[in-house]
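Asks: Build me a model from this:
(3 chains)
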Amino acid sequence: MNVLQEVLQFLINALSLGGLYALMALGLVIVYGILRLVNFAYGELVMVAGYTLLMLGTGPLPWLIVAAISVGMAVLTSLLLERVAFRPVRQASATTMLITSFAVSALLQNAAILFVSPRAKAVVTPSFFTENFQVGGLLISKGNLAGLVVSLLLLGLLTLFLRRTLLGIALRAAADDFVMTRLVGIRANQVIAAAFAISGFFAGVVALFWIGRLGSVGPFVGSTPVLVAFVAAVVGGMQSLTGAVIGGYLLGALTVGLQLVLPQSLLDYRQAFVFAIVLLVLLFRPQGLVRGTTITERV
Amino acid sequence: MLSVEDLYAGYGAILALRGVSLQVKAGELVALIGANGAGKSTLMATIAGVLRPFRGQITFEGQSLLALSPEEIVRRGIALVPEGRRIFPSLTVAENLRLGAATRRDKAAVERDIEEMCTRFPILGKRFHQPGGTLSGGEQQQLAIARALMARPRLLMMDEPSLGLSPILVDEVFAMIRQLHKSGVTILLVEQNVERTLDIANRVYLLNTGRVECQGTPEQLRAQVDIVGAYLGDMWRGD
Amino acid sequence: MIGPLVILASVVHLFGGEVLQRILTVLFINLVMVLGLQIFMGNSGVVSFAQIGFMGIGAYASALFSMSPQAKAMALRNLYSWLVPVQVPFALAVIIGGLMAALVAALVGYPLMRLSGAAAVIATFALLIIVHTVLINWSEVTNGPRTLFGLDGYTTLWVSVAAGILFLLVALWFKETPLGLQLRASREDEAAAASIGIDIVWVRWVAFVLAAFITGVAGALWAHFITSFSPLAFYLPQTFLIISMAIIGGSASVSGAVVGALAVTAIFEGVRGIENALNIAAVFPFAVSGLTEVCLSIAMILILILRPSGIMGSRELRL
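Replies: Presented below is the predicted three-dimensional model:
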């Protein structure tokens, strides 16, 4: 491979992984921006979508339908959690909300252990996730390419939604100033539900690709996505959707880059390096790379 | 139209309103004046539903507002220009205006109203696609008023719309309020600029440490200049 | 408060079977852990997810100093040669474990103490992950992701009871020291505390280091109770367990830590009994597991919604 090919290969891999990471981070930040809730249970939405894939995957339905239902289940779960667990603590401190989400996360993981199995189970995924094709000496994974395209598409759709629809504008307004958003007549429950629905939607889409790559689903399948989302969101800026996207792509590039650069002995410590970066960002630039505009208290 | 009876409200254990009663009739411009800490903004926040009163009653067009959330109160026809303007800084002027009409379903009329606001406040037309956060204080004040008007409220509440503005802009804001009132909007105005306020109001309430100290037409208040002066000090003479 | 705990331990010691004694030993070790968390989180109002990392450091550090050279040769084949012959008495090894945890906390903690709220949680969470990654990969001293075995079971019921009561007194004392009072003032209102001259970062840091020491000691005690363990023991499930104890009992008071440790152990062991019974009776065609955590997380969510300050709130029981 020549240098150009290597660069292209790197770009495709980094953009594909980064796109997924960006979606993960967005799902977390869209809720945080409005509620100041760091949602630990976000990873379990990926898990719920994954188990739906598992259960319906062997049935007669075509994969795309199964995938759509799985995403729908993640959205429903996200809305349900908002209603049952997070709405009652909405007025409490950020810490109380966060610990609530931690407990919800533990609840869902252990419910999966209890009702499904402690072990990961193989999921039927379409073959294109593992297929590659060659273009001019480049080996491109179809799954990666699909992830790249879908993430860009969703980022575009989200941007349109946030700029063109009243609900989208209200979501951005709520991240600026929640009380004032209510004072122009936007229903608090409606914007918050919208944020949770989008969060669930992204978790569901991430699940399709994440579990497509892994080929299996278990109670802890959401741990890595939620950690990735934390890191990308903190680095990019918890208050900014743009920041989340930038953080996601940066982390994608960093992950693929470290894989190339680090010797094997240090590769094992990769996770420690990544989280050391998180610590440094929190210490020296707590607002992240992109500063948000939030000015007032929530709810 | 709006009636507040024996209202007690405050933050935590601090009582900021101690038995306030006031009335606003349709078509009136009623002003609330008083020194800092008199409870004017607390009263506004309580009517808007941001703050729950401890005791008392608030009715609007005969219906109680007490159990309603802020968003429902807006939907009943009360819009607020809040203290400190509180425009959405990351949203463009256009988006701020559009959100102002969030309670309305008549899309075509909303578009017309946005155009009308840009005529009435030309600076908003000029800054139409700029984020609200980049506007100057005076421009933000105009945007805040325009945003509230976009709801086509039957009652417009304004909390110190002239605060922090240059003298020329203060003139403009008061001219604007007078014009709004003439065009038929019922207004409840909180102001520190007493002289100016007495010029345009139909009736005035003077608030002091959470109570209505005196009330009446501007002429009646002017006649009691000693009392008013005692509570307002220098502000009596305006800026 | 101490009386009933000692009576409980005595009754179990005299009449309880081995299982009950082991449960109670773990209860007191967990109590030490929750007390460590309470000293920092309860007084400062800042949540730390890093505590279990300090527990891990205490466990491994104490093991390195208490194990005999022969045991090390068996279990840690790649151990640095200068460490192999080092062996000190159990009590000293435990203190070394606590000190190592405190040292790490002191080094990395100071800059972190500026953070509060969600940022503090994510930062301490990052710290936990870093410690965990290092424990898994530093195979020279931890045996990597594999189980470290060959420790002696020094931690008896009475050792854990003594540690529990000692640190209970420490936590009660710390709360009333000038520093503890300053810390609690900063919990109520950061800006006001800073304006009367309280150095928030400093007081938080002292509490953080003390908490890490106590948690490290708890880790050392646990290591010499369980005698073989892997880095997986020091991660999210254990973090969830002690945070649930602090939340359910109420983190603002030392009594809350005690009540929380008792309540959670009771729920945990009770439900585990049901779980085991179900499995033995083969009621379901599969092994029931996870029920304890499910019940615990539901209890925690209910507490957070209905009584966010925990069972005890900020009240203290009398000693």
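Asks: burial measure for residue 177, as a count.
Replies: Using chain A here. By the criterion of other C-beta atoms under 10 Å in any protein chain shown, residue A:177 has 23 neighbours. C-betas here are computed from N, CA, C, even on glycine.
Asks: To clarify, I was referring to chain B.
Replies: By the criterion of other C-beta under 10 Å, residue B:177 has 26 neighbours.
Asks: dump the residue contacts of it.
Replies: By C-beta atoms under 8 Å, 6 or more residues apart in numbering or on different chains, the contact list for residue B:177 reads B:29, B:158, B:161, B:187, B:189, B:200.
Asks: In strands, which of those residues appear?
Replies: Counting by DSSP state E, the part of those found in strands is B:29, B:158, B:187, B:189.
Asks: would JSON lines of those residues with distance to residue C:193, neighbour count and pLDDT be doable?
Replies: As requested, the ones in strands among the contacts of residue B:177 are exported to JSON lines (distance: C-beta to C-beta, whole Å; neighbours: other C-beta atoms under 10 Å in any protein chain shown; pLDDT from 0 to 100):
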{"residue": "B:29", "distance to residue C:193": "46", "neighbour count": "22", "pLDDT": "95"}
{"residue": "B:158", "distance to residue C:193": "37", "neighbour count": "25", "pLDDT": "94"}
{"residue": "B:187", "distance to residue C:193": "43", "neighbour count": "23", "pLDDT": "95"}
{"residue": "B:189", "distance to residue C:193": "40", "neighbour count": "25", "pLDDT": "95"}
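Asks: Can you tell me which of the residues you listed is closest to chain A?
Replies: The closest of these to chain A turns out to be residue B:158 (C-beta to the nearest C-beta; 12.8 Å).
Asks: For the ones in strands among the contacts of residue B:177, name the two members farthest from one another.
Replies: B:29 and B:158 (10.1 Å; C-beta to C-beta).
Asks: any residues in contact with both of these two?
Replies: By C-beta under 8 Å, 6+ apart, residue B:29 and residue B:158 have these common neighbours: B:177, B:187, B:189.
Asks: From chain C, how far off is residue B:125?
Replies: Residue B:125 is 40 Å from chain C, where distance means C-beta to the nearest C-beta, to the nearest Å.
Asks: Nearest to residue C:113 among the ones in strands among the contacts of residue B:177?
Replies: Closest to residue C:113, out of all of these and judged by C-beta to C-beta, is residue B:158, at 44.4 Å.
Asks: want to try JSON lines for the contacts of residue B:177, with distance to residue A:25 as columns?
Replies: Formatted as JSON lines, the contacts of residue B:177 follow (distance: C-beta to C-beta, whole Å):
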{"residue": "B:29", "distance to residue A:25": "50"}
{"residue": "B:158", "distance to residue A:25": "40"}
{"residue": "B:161", "distance to residue A:25": "40"}
{"residue": "B:187", "distance to residue A:25": "45"}
{"residue": "B:189", "distance to residue A:25": "45"}
{"residue": "B:200", "distance to residue A:25": "51"}
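Asks: Which neighbouring elements make contact with the helix or strand hosting residue C:64?
Replies: Taking DSSP states H and E as the criterion, residue C:64 maps to helix C:51-66. Where contact means 3 or more C-beta pairs under 8 Å, 6 or more residues apart in numbering or on different chains; DSSP states H and E, helix C:51-66 is packed against helix C:18-37, helix C:90-112, helix C:117-137, helix C:139-142, helix C:200-226, helix C:236-249.
Asks: C-alpha coordinates for it, PDB please?
Replies: Output in PDB follows, covering the C-alpha atoms of helix C:51-66 (Å, rounded to 0.1, in the frame of the first residue of the first chain):
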ATOM      1  CA  GLN C  51     -13.400   4.700  45.700                       C
ATOM      2  CA  ILE C  52     -13.400   1.100  44.500                       C
ATOM      3  CA  GLY C  53     -10.200   1.900  42.600                       C
ATOM      4  CA  PHE C  54      -8.700   2.800  46.000                       C
ATOM      5  CA  MET C  55     -10.100  -0.500  47.400                       C
ATOM      6  CA  GLY C  56      -8.200  -2.300  44.600                       C
ATOM      7  CA  ILE C  57      -5.000  -0.500  45.300                       C
ATOM      8  CA  GLY C  58      -5.300  -1.300  49.000                       C
ATOM      9  CA  ALA C  59      -6.000  -5.000  48.300                       C
ATOM     10  CA  TYR C  60      -3.100  -5.500  45.900                       C
ATOM     11  CA  ALA C  61      -0.600  -3.400  47.800                       C
ATOM     12  CA  SER C  62      -1.300  -5.100  51.100                       C
ATOM     13  CA  ALA C  63      -1.100  -8.500  49.400                       C
ATOM     14  CA  LEU C  64       2.400  -7.700  48.100                       C
ATOM     15  CA  PHE C  65       3.600  -7.000  51.600                       C
ATOM     16  CA  SER C  66       1.800  -9.800  53.500                       C
END
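Asks: And that helix, what's buried?
Replies: C:51-66 (16 or more other C-beta atoms under 10 Å in any protein chain shown).
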